[in-house]
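The sequence isn't on hand, but the structure is:
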């Protein structure tokens, strides 16, 4: 499992994470950026200014900040990703409280999974925040769970980008994922890390998404797998229900 960057590089890591969040979720104000990173508003402002200087961000007329020309936009609409994240976080937090392991939210982007939110558990040895990172979909638990929900034509596009061995392995694996309703990644993307993922039910206007329970392999147990998958599936259903609810406008006055 990857460690946090040294103190001297944390500002670089924060700036890169902020650029990723802008690309995935669209414009945000300084106070929003500070809240996402867990830093002061002044620190967030300095990071945003540095991103603007290097064309990774741009300041908009309303003084919010959006992705710059060097940051490629995700195929998923930023508003939809932000809405997905907001709906998923309460369910992810409850999963962490119940199961005691880190939970990730990912979306499918061109044959890869992109992490859009992480809720870490409290263990000293734990899977850390993966927000902004990407992994090959055919190797990750959430990626395989999402691929198993795709039509044959959608899946063929992904398979076309793999070598013959990887494509054959995925073809053999996906029927079992569809039957069980969950997928497992046992150290295929990172030594010492095992994850269990389920796809969210499809919701109109939302990107294809998944949630996954990620843990050190030392705490993985096949005997707990069915129970973990059931809890993940319940949470995925709950997120989909919340996404389908009408948005209630927030007003400042009575």
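Perfect, thanks for sending it. From a predicted model like this one, the values you see are computed outputs, not experimental measurements. Numbering: from 1, shown residues only.

burial of residue 216, as a residue count?
16 (other Cβ atoms under 10 Å). Every residue, glycine included, has its C-beta placed from N, CA and C.

Same check on the one 5 residues further on?
Applying other Cβ under 10 Å, we find 10 other residues in the vicinity of residue 221.

what do you get for residue 69?
9.

quick one: it from residue 29, how far?
Relative to residue 29, residue 69 is positioned 21 Å away (Cβ to Cβ, to the nearest Å).

And residue 220, by the same measure?
In this view, residue 220 and residue 29 are 41 Å apart by Cβ to Cβ.

and if you look at residue 164?
Residue 164 sits at a distance of 49 Å from residue 29 (criterion: Cβ to Cβ).

now do residue 227
Counting by Cβ to Cβ - residue 227 and residue 29 are separated by 41 Å.

So for the two, which sits in the more crowded spot?
residue 29 (16 against 11).

What about the nearest residue to that one once chain neighbours are set aside, how many residues nearby?
Spatial nearest neighbour of residue 29, excluding adjacent residues (Cβ to Cβ, 6 or more residues apart in numbering): residue 64 at 4.9 Å. The number of residues packed near residue 64 is 17, by other Cβ under 10 Å.

thinking residue 64 is in contact with residue 27, fair?
Yes. Counting by Cβ atoms under 8 Å, residue 64 does reach residue 27; the two are 4.4 Å apart.

number of nearby residues for residue 179?
Burial of residue 179 is recorded as 8 neighbouring residues (other Cβ under 10 Å).

ok so, going back, where does the residue nearest to residue 29 land on pLDDT?
On pLDDT, residue 64 comes in at 90.

what do you get for residue 77?
pLDDT, read off for residue 77, is 68.

now swap in residue 9 and tell me
68.

Grab the nearest non-local neighbour of residue 15.
That would be residue 47: by Cβ to Cβ, 6+ apart, it lies 4.9 Å from residue 15.

next one: residue 186
Using Cβ to Cβ, 6+ apart, the closest residue to residue 186 is residue 194 (4.9 Å).

Can you classify that neighbour by secondary structure?
At residue 194 the chain is in strand, as set by DSSP: H, G, I helix; E, B strand; the rest coil.

In contact with it: list those residues for me.
When contacts are counted by Cβ atoms under 8 Å, 6 or more residues apart in numbering, residue 194 touches 184-187, 214-217, 220.

Tell me if I'm right that residue 55 and residue 67 touch.
No. Using Cβ under 8 Å as the test, residue 55 is too far from residue 67 to be in contact (10.0 Å).

in stretch 217-229, what's buried?
Of the residues in stretch 217-229, 220, 228-229 count as buried by neighbour count, 16 or more other Cβ atoms under 10 Å.

circling back: neighbour count winner among residue 55 and residue 67?
With neighbours defined as other Cβ under 10 Å, residue 55 and residue 67 compare such that residue 67 has more, 24 against 12.

partners of that one in the sheet?
Assessed by DSSP bridges, residue 67 has beta-bridge partners residue 57.

what does residue 119 give?
Here residue 119, judged by DSSP bridges, has bridge partners residue 103.

ok, it - contacts?
89, 92-93, 95-96, 102-103.

Check residue 66 too.
22, 26-27, 57-58, 60.

before we move on, back to that, roughly how far does the residue nearest to residue 15 sit from residue 147?
35 Å.

Run through the stretch 151-254 of the chain and note the low-pLDDT ranges.
246-254 (pLDDT under 70).

What ranges does it have for its helices?
Using DSSP state H, counting those that start in this stretch, the helices of the stretch 151-254 of the chain run over 152-160, 164-180, 225-244.

Contacts for stretch 135-153 next, please.
If you take Cβ under 8 Å, 6+ apart as the criterion, stretch 135-153 is touched by 104, 106, 108, 111-113, 115, 155, 158, 162, 166, 169-170, 173-174, 177-178, 182-185, 188-189, 195-199, 202, 208-212.
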